[in-house]
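Chemist: with the input below, show me the fold.
(one chain, ligands or ions: 2)
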Amino acid sequence: MFVSWMYSWINDILTYLGLAQKKGKLVFLGLDNAGKTSLLYRLRDDKMSAHVPTHLPTSEELSLGGVRFLTYDLGGHEQVRRVWREYTPAVDGIVFIIDVACHARMEEARVELQALMTDENVAHVPIAVVGNKIDKAGALSEEQLKWSMGLQHQCTGKDTQPQDCPSRPVEVFMCSVLQRQGYGAPLKWIASFL
Ligand SMILES: Nc1nc2c(ncn2[C@@H]2O[C@H](COP(=O)(O)OP(=O)(O)OP(=O)(O)O)[C@@H](O)[C@H]2O)c(=O)[nH]1
Ligand SMILES: [Mg+2]
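Modeler: Ligands and ions are numbered 1, 2, ... in the order given. Modelled structure (predicted):
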């Protein structure tokens, strides 16, 4: 009874996210405090996490159906960068999360994102850049986030079919994990490439 309930619940979530019948490994990357753990918990039990900064270990994992989600906190941690590369050699999609209300750390996020985008180990892996915390005062708009990240000319389109995508898929999405807004779209977008 419980097992079948769990099964249908997981299936509902996966279907909603476009991930049913899909297999793959998705990583959530971003600076600390961006909202990676909150998004992971949101997927897991649709609850907002009681905030426990995940500094040690700097990684968390969740499996839903055939899809594994892993989170890694970047930001000044050369060691973390090594770890996530070592342990996630075959990544199928990257969700890069940014706190768009934290203007002071935009440049730090941009540096991390650019390093990721030029990393040849993940050269063909789709990257969904997700601006989180749009509910907060002073949050950047989607256009402002694109500018801040140097992505004004690099997005490949939200509706581009995988076969029509000329280069590595990159797209920007805005969300509030706290208010349950918009976090499904980047996952659906990534799912289309799995
Ligand atoms: N206002 C607002 N706060 C959010 C949102 N998403 C996450 N937060 C808060 O931001 C803080 C950091 O969220 P986490 O999910 O712990 O961030 P993280 O990226 O896992 O960061 P670390 O594990 O601490 O490195 C928490 O206090 C969350 O409650 C959002 O959409 N809006
Ligand atoms: Mg965390």
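Chemist: and the most centrally placed residue in the chain, how far is that from Pro166?
Modeler: Taking CA atoms, centre = their mean, the centroid of the chain lies closest to Val95, which sits 2.2 Å from it. Look at Val95 and Pro166: by CB to CB, to the nearest Å, they are 22 Å apart. Quick note: C-beta positions are derived from backbone N, CA and C, even for glycine.
Chemist: so stretch 167-184, near ligand 1 or not?
Modeler: Yes: using CB under 6 Å from any ligand atom, stretch 167-184 reaches ligand 1 at Ser176, Val177, Leu178.
Chemist: neighbour-wise, which of the residues you listed leads?
Modeler: Across the residues of stretch 167-184 next to ligand 1, neighbour numbers were computed from other CB atoms under 10 Å; Val177 holds the maximum, 26 neighbours.
Chemist: okay, and the helix or strand of this protein with the least pLDDT?
Modeler: Ranked by mean pLDDT, DSSP states H and E, the helix or strand of the chain with the weakest confidence is helix 78-87, at a mean of 65.
Chemist: can you give me the strands in this protein?
Modeler: Secondary structure of the chain (DSSP state E): strands at 24-31, 59-64, 67-74, 93-99, 127-132, 170-174.
Chemist: quickly run through the sheet partners of the third one, with directions.
Modeler: Right, the one you point to is strand 67-74. strand 24-31 (parallel), strand 59-64 (antiparallel) (DSSP bridges).
Chemist: that one to strand 93-99, inter-axis angle?
Modeler: Angle of strand 67-74 versus strand 93-99, following axes from the mean of the first three to the mean of the last three CA atoms, to 10 degrees, is 40 degrees.
Chemist: strand 67-74 and ligand 2 in contact?
Modeler: No: no part of strand 67-74 sits near ligand 2 under the criterion CB under 5 Å from the ion; the closest distance found is 5.8 Å.
Chemist: closest one of the residues of stretch 167-184 next to ligand 1 to ligand 2?
Modeler: Taking CB to the ion as the measure, ligand 2 sits nearest to Val177 out of those, at 11.6 Å.
Chemist: could you check the pLDDT of that closest one?
Modeler: You'll see Val177 listed with a pLDDT of 94.
Chemist: quick one, what contacts the residue nearest to the centre of the chain?
Modeler: Val95 makes contact with Leu26, Val27, Phe28, Leu29, Leu39, Ile127, Ala128, Val130, Pro186, Leu187, Ile190 under the criterion CB atoms under 8 Å, 6 or more residues apart in numbering.
Chemist: Gln154 now?
Modeler: By CB under 8 Å, 6+ apart, the neighbours of Gln154 are Val170.
Chemist: start the count at 44 instead of 1 going forward.
Modeler: Okay, using 44 as the starting number, the last item reads as Gln197.
Chemist: separation between it and Tyr59?
Modeler: With distances taken as CB to CB, Gln197 is found 28 Å from Tyr59.
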